[in-house]
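1. my questions are about this predicted structure, shown below with the sequence.
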Amino acid sequence: MALRMRFGAWGWRATSAIVCLLAACGGGGSSSGQAGGIDGGLDAALSMDAGGAEAAADATTSLCIGGQPAPYPTQTSIALLGTMPDLAFDTDGTGGAIHMHDYFEPCAAQSRLLVVRVGAGWCGTCRWTVAHTKDVLALDVGPRLQILDLLVANDDNMPATVADIATWRARIDAPQKVAIDPTYRLGPVNPDHAPLPLVVLVDSRTMTIESYQNNPSPDTLALAVRTNLAHLDGHAAPTPPTPVTYDGHFTQSQWDMIHAMTPLEPQPADPTNAHADDAAAAALGKQLFSDKLLSPTGTVACATCHDATKHYTDGLPQAQGVAIGNRNSPSILLASHQRWQFWDGRADTQWMQAVGPFENALEFDSSRLFVVHGVYDRYKTAFEAAFGPLPPMTDTTRFPAAGKPGDATWTGMAAADQNAVTLAYVDVGKAIEAYERTLVVKTNALDAYASGDTTALTAAQKDGLFAFFSAGCAQCHWGPRLTDDAFHNVRFPTGRQDGQADRGRIDGIPLLLQSPFNAAAAFSDDAGAAHLAGLTADPSTVGAFKTPSIRGVADTAPYGHGGTLAALADVAKNYSTAGLDPADPHAVGPAEPWLPKFDAPTRDALPAFLEVLHADVGP
């Protein structure tokens, strides 16, 4: 009897010795996290299939008639053990495509395995997988593997286009075929919430979907390949090898990703702000950051919501300026590294973010005329030393005390005077950015551990870090800042004062594109802004919010874009159920299919690790 093993995402209940072998049981990690298979454990239907090889041979015979291939099998649905439909995947946008029938070889002497890897540009575990393609090709199965990479989304989690293929191909360490699958057509192979990459193994002679895995470890994928080929050849399943673990807990992929969590990368240059790293601008920006007199009420400054004593947050569920807002105040630490600003990404530079609150009715409720008058009255010398002459604000006929676009006082000004005030207003934002770029974050215990000090974390913290991988968190929270800088719908509860669901990114994109302050507009010092080309409010962005850096998460409660989750345990609980129930009106849009659900032991282990993630400011 041939041992027929199927691999998937959930609930494998066969030989516990094999489960422990591949899940590193006994290594101090959360075994329940692996029992769910989220990190690539063995799964699902293990069956003793009498005559399995003979049945496969019969199927192949019916598809190879007189030495010639029969037509590709007719199939429309996608399911484990079913035939892969003859799907076509776009490669160039002009009709070029990869078809499943390209891999169909029913008359071959032996089956080959088509390894279809479905990934996304934002996904850290996907990036690791494709960067280690050579290791898969080096397995001891000869030329019996073919690899096809399908890209479902780009680095910002927008549906993949053929323009994204070159970027993805450059991350693969061996030449492979790459196509796009923006609607995630292979998702039904695993109908449960499970993380990317999704790896699907297909028999080339029958095009049967033999097995699948979600984010498999190298050991698990290697065993899946060998076991599937053994079954197709009618041979006994191979003996599982001794697993390779690191520090008694982690797989090779996990260990590599841990090492990549430090050191913190240098902050990128900001070519849109010629004064971004100017000391005089930064000194001015520090003063402006704390100046409440830039608000007409004299009660609100940037530091109100970004308090240095509270890790540059405010500790409140929703930001409170002249009124209570609808979203939580994120920390500004590491903001200079971000591709997008605000929870919905409605700013694409740090200085654009800085000017936004001044004219927001819930925050400063101020205006650019009021702000520039304040700068003229209190900071004229410092401002002009950094940025050049201010407009003659003492001429109140030309420059009223307050006003912004849409106000009658503003409309009545000469266009040249409007432009001069707006330019000075933008320079206020650029000075604040220059100050914020001087805030340096210290290392923490995770940095020490990732740098090689295995004593830097306690046993409970290592269990939490293992759970972090098992729960699929490393898809989005990876690299030194533990973020992908992309936008996701994880169905966190709204913080809106009216109780309505927050639409997030889909509303932020039009605000960004229409703004005169975006990186492509006239007030940018470098208006290249390739990142805005083709950006649209795609329906997939409804309910999506930016992945925050979780460096500093230990000190920045409450959590979520709505600030409704009081503690890290609440965050873990919300993630464990893939967010709010689909019928709950406090979130909008479906949770993403790669947002995993996980069990209570995994959930309960996570906070011990998250509490390590401090981000104190220092030299």
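-> Good, I have the coordinates. Numbers count the residues shown, from 1 in each chain.

2. using the three-state scheme, assign Leu150.
-> Under DSSP: H, G, I helix; E, B strand; the rest coil, the three-state class of Leu150 is strand.

3. ok, how many other residues are close to it?
-> Neighbourhood size, Leu150 [other C-beta atoms under 10 Å]: 26. C-beta here means a position set from N, CA and C on the backbone, and glycine is covered the same way.

4. was I right about it contacting Lys177?
-> No - the pair Leu150 and Lys177 does not pass the contact test of C-beta atoms under 8 Å, sitting 9.6 Å apart.

5. contacting residues for Gln318?
-> Shown in contact with Gln318 (C-beta atoms under 8 Å, 6 or more residues apart in numbering): 324-329, 495, 497, 562-563.

6. just the ones of these in helices?
-> Counted as lying in helices by DSSP state H, out of the contacts of Gln318, is not a single one.

7. domain ranges for this protein?
-> 2-259, 279-436, 445-504+542-610 (automatic domain parsing).

8. please name whichever of those domains is nearest to Asn518.
-> domain 279-436 (5.6 Å; C-beta to C-beta).

9. now the contacts of Gln318: which count as buried?
-> Among the contacts of Gln318, the ones that count as buried by 16 or more other C-beta atoms under 10 Å are 325-329, 495, 562-563.

10. for those residues, which one is nearest Asn154?
-> Here the nearest of the buried ones among the contacts of Gln318 to Asn154, counting by C-beta to C-beta, is Arg327; it sits at 25.0 Å.

11. and the gap between the closest one and Pro493?
-> Distance, Arg327 to Pro493, by C-beta to C-beta, to the nearest Å: 12 Å.

12. what does stretch 534-547 contact?
-> Applying C-beta under 8 Å, 6+ apart, the external contacts of stretch 534-547 come out as 122, 157-159, 161, 163, 338, 340, 342-345, 476-477, 483-492, 501-507, 509-510, 512-513, 561, 587-589.

13. if we can go back for a sec, dump the contacts of Gln318 to JSON lines, plus pLDDT.
-> Below are those laid out as JSON lines (pLDDT from 0 to 100):
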{"residue": "Ile324", "pLDDT": "98"}
{"residue": "Gly325", "pLDDT": "98"}
{"residue": "Asn326", "pLDDT": "98"}
{"residue": "Arg327", "pLDDT": "98"}
{"residue": "Asn328", "pLDDT": "98"}
{"residue": "Ser329", "pLDDT": "98"}
{"residue": "Gly495", "pLDDT": "98"}
{"residue": "Gln497", "pLDDT": "98"}
{"residue": "Gly562", "pLDDT": "98"}
{"residue": "Gly563", "pLDDT": "98"}
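
14. for the residues you listed, give me a markdown table that also has distance to Tyr575.
-> Below are the contacts of Gln318 laid out as a markdown table (distance: C-beta to C-beta, whole Å):
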| residue | distance to Tyr575 |
| --- | --- |
| Ile324 | 26 |
| Gly325 | 24 |
| Asn326 | 22 |
| Arg327 | 19 |
| Asn328 | 17 |
| Ser329 | 21 |
| Gly495 | 17 |
| Gln497 | 25 |
| Gly562 | 15 |
| Gly563 | 16 |
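
15. and the furthest pair within those?
-> The widest separation within the contacts of Gln318 (C-beta to C-beta) is 14.9 Å, between Ser329 and Gln497.

16. show me the helices in the stretch 1-150 of the chain, by range?
-> 16-23, 31-35, 52-63, 124-130, 133-137 (DSSP state H, counting those that start in this stretch).

17. lowest mean pLDDT across these, which one is that?
-> Mean pLDDT across the helices of the stretch 1-150 of the chain is lowest at helix 31-35; the value there is a mean of 28.

18. okay, now the unreliable bits of the stretch 201-350 of the chain?
-> Of all residues in the stretch 201-350 of the chain, none has pLDDT under 70.

19. that one: helices as residue ranges?
-> Listed in chain order, the helices of the stretch 201-350 of the chain (DSSP H, counting those that start in this stretch) span residues 218-233, 252-259, 279-289, 302-305, 350-355.

20. end to end on stretch 254-272, go ahead and measure it.
-> 36 Å (C-alpha to C-alpha, to the nearest Å).

21. oops, could you answer that again for stretch 151-161 instead?
-> 9 Å.

22. ok now it, how far from the chain's centre?
-> From the chain centre to the centre of stretch 151-161 is a distance of 11 Å (C-alpha atoms, centre = their mean, to the nearest Å).

23. what lies in contact with it?
-> With C-beta under 8 Å, 6+ apart, stretch 151-161 has contacts from 93, 118-122, 164-165, 167-168, 178-184, 196, 339-340, 484-488, 534-535, 538, 540-541, 544.

24. hmm, Gly187 is touching Glu592, no?
-> No - assessed by C-beta under 8 Å, Gly187 is found out of contact with Glu592, at 10.3 Å.

25. mind checking the domains of the chain for the one nearest to Ala519?
-> Proximity to Ala519 (C-beta to C-beta) singles out domain 279-436 among those, at 4.9 Å.

26. can you give me the end-to-end span of that closest one?
-> From its first residue to its last, domain 279-436 covers 12 Å (C-alpha to C-alpha).

27. can you point out the buried residues in stretch 235-246?
-> Applying 16+ other C-beta under 10 Å to stretch 235-246 flags 237, 240, 243, 245-246 as buried.

28. that older thread, pick the one among the contacts of Gln318 closest to Thr411.
-> Gly325 (27.8 Å).

29. out of the helices of the stretch 201-350 of the chain, deepest packed?
-> Comparing the helices of the stretch 201-350 of the chain by mean neighbour count (mean count of other C-beta atoms under 10 Å), helix 350-355 ranks first with a mean of 26.

30. show residues contacting it.
-> By C-beta under 8 Å, 6+ apart, the list of residues contacting helix 350-355 reads 270, 272-273, 302, 335-336, 338, 341-342, 347, 368, 425-426, 428-430, 432-433, 436-437, 515, 517-519.

31. so which of those belong to strands?
-> Among these, no member falls in strands (criterion: DSSP state E).

32. can you turn the buried part of those residues into a PyMOL selection?
-> Selection of buried members from those for PyMOL, criterion 16+ other C-beta under 10 Å:
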select buried, resi 270+272+273+302+335+336+338+341+342+347+368+425+426+428+429+430+432+433+436+437+515+517+518+519
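
33. how far away is Asp463 from Arg496?
-> As judged by C-beta to C-beta, Asp463 and Arg496 stand 37 Å apart.

34. so between the two, which is more surrounded?
-> Asp463 (26 against 16).

35. Serialize the domains of the chain to JSON lines and add fields for distance to Asp526.
-> Below are the domains of the chain laid out as JSON lines (distance: least, C-beta to C-beta, whole Å):
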{"stretch": "domain 2-259", "distance to Asp526": "20"}
{"stretch": "domain 279-436", "distance to Asp526": "10"}
{"stretch": "domain 445-504+542-610", "distance to Asp526": "20"}
